[in-house]
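here's a sequence, model it:
(chains A and B)
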Amino acid sequence: EAQVTQNPRYLITVTGKKLTVTCSQNMNHEYMSWYRQDPGLGLRQIYYSMNVEVTDKGDVPEGYKVSRKEKRNFPLILESPSPNQTSLYFCASSLGVKAYGYTFGSGTRLTVV
Amino acid sequence: GDSVTQMEGPVTLSEEAFLTINCTYTATGYPSLFWYVQYPGEGLQLLLKATKADDKGSNKGFEATYRKETTSFHLEKGSVQVSDSAVYFCALSDEDSNYQLIWGAGTKLIIKP
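Numbers count the residues shown, from 1 in each chain, chains lettered A, B, ... in the order given. The predicted model follows:
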């Protein structure tokens, strides 16, 4: 089944403890992206990637890192999480955003205490 | 820059009522337009899209027509069901957005039996 898989679905962590949220797609898509969703703030893009080793900042990149070493994987790294990074995170991939839009994963709910 | 404006919610309707959710956009180029749906506790799913003026996207009984003259992409459904209760997002993609998605704020739809 064609899909975007993120793990974990739920994560509670403490301030400052490095964490990685994994994202993998099996559709051979070139574009991948990370979003966060917060009540009243809508969807905000964190980073996106147009191909292997090509990444660019979105609207809210501060406090996050990404890497794209392989086409299928696009992990989101929080080196030192803080409570204001408590959010619902979505990974997405696309063959071409203008033509097809993004296909989204199921989401990761992160709580930083 | 590009922007998307959606009608504020929540929108509350009775089952079998006619639905319209308004979406207007600002873009200097020729964007593609999308509607996404997010059911409670789930990720976003592409509902329909249109890539050029006068195109009509349709899926699951929902329709939207790309109107360049009014810069609109209103979502309609002739007879809603309780299962249509969700949050609906309008989005666009074009060269000015670096081919990423510019999102509306989302409209929550509540259908009462």
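
quick one: name the residues of chain B near chain A.
Contact residues, chain B versus chain A (C-beta under 8 Å from any C-beta of the partner chain): B:31-32, B:34, B:36, B:42-46, B:49, B:51, B:89, B:91, B:93-94, B:98-101, B:103-106. Every C-beta, even on glycine, is put in place using the N, C-alpha and C of the backbone.

would you map the helices across chain B?
Counting by DSSP state H, chain B forms no helices at all.

what's the pLDDT at residue B:99?
Looking at residue B:99, its pLDDT stands at 81.

is it true that it touches residue A:97?
Yes. Residue B:99 lies in contact with residue A:97 (C-beta atoms under 8 Å); the separation is 5.0 Å.

picking up where we left off before, just the buried ones from the residues of chain B next to chain A?
For these, burial is judged from neighbour counts taken by 16 or more other C-beta atoms under 10 Å in any protein chain shown, and it is met by B:31-32, B:34, B:36, B:43-44, B:46, B:49, B:51, B:89, B:91, B:93-94, B:99-101, B:103-106.

residue most distant from the centroid, chain A?
Relative to the mean C-alpha coordinate of chain A, counting by C-alpha atoms, centre = their mean, the farthest residue is residue A:99 (21.0 Å).

for the record, mean pLDDT for stretch A:102-113?
For stretch A:102-113, mean pLDDT is 97.

rewinding a little: among the buried ones among the residues of chain B next to chain A, which ones are in strands?
B:32, B:34, B:36, B:44, B:46, B:49, B:89, B:91, B:93, B:103 (DSSP state E).

bridged to the first one, which residues?
Assessed by DSSP bridges, residue B:32 has beta-bridge partners residue B:93.

and stretch B:95-104, how far out from the chain middle?
Chain-centre distance of stretch B:95-104: 15 Å, with C-alpha atoms, centre = their mean, to the nearest Å.

and the end-to-end length of that stretch?
Separation of the first and last residues of stretch B:95-104 by C-alpha to C-alpha, to the nearest Å is 18 Å.
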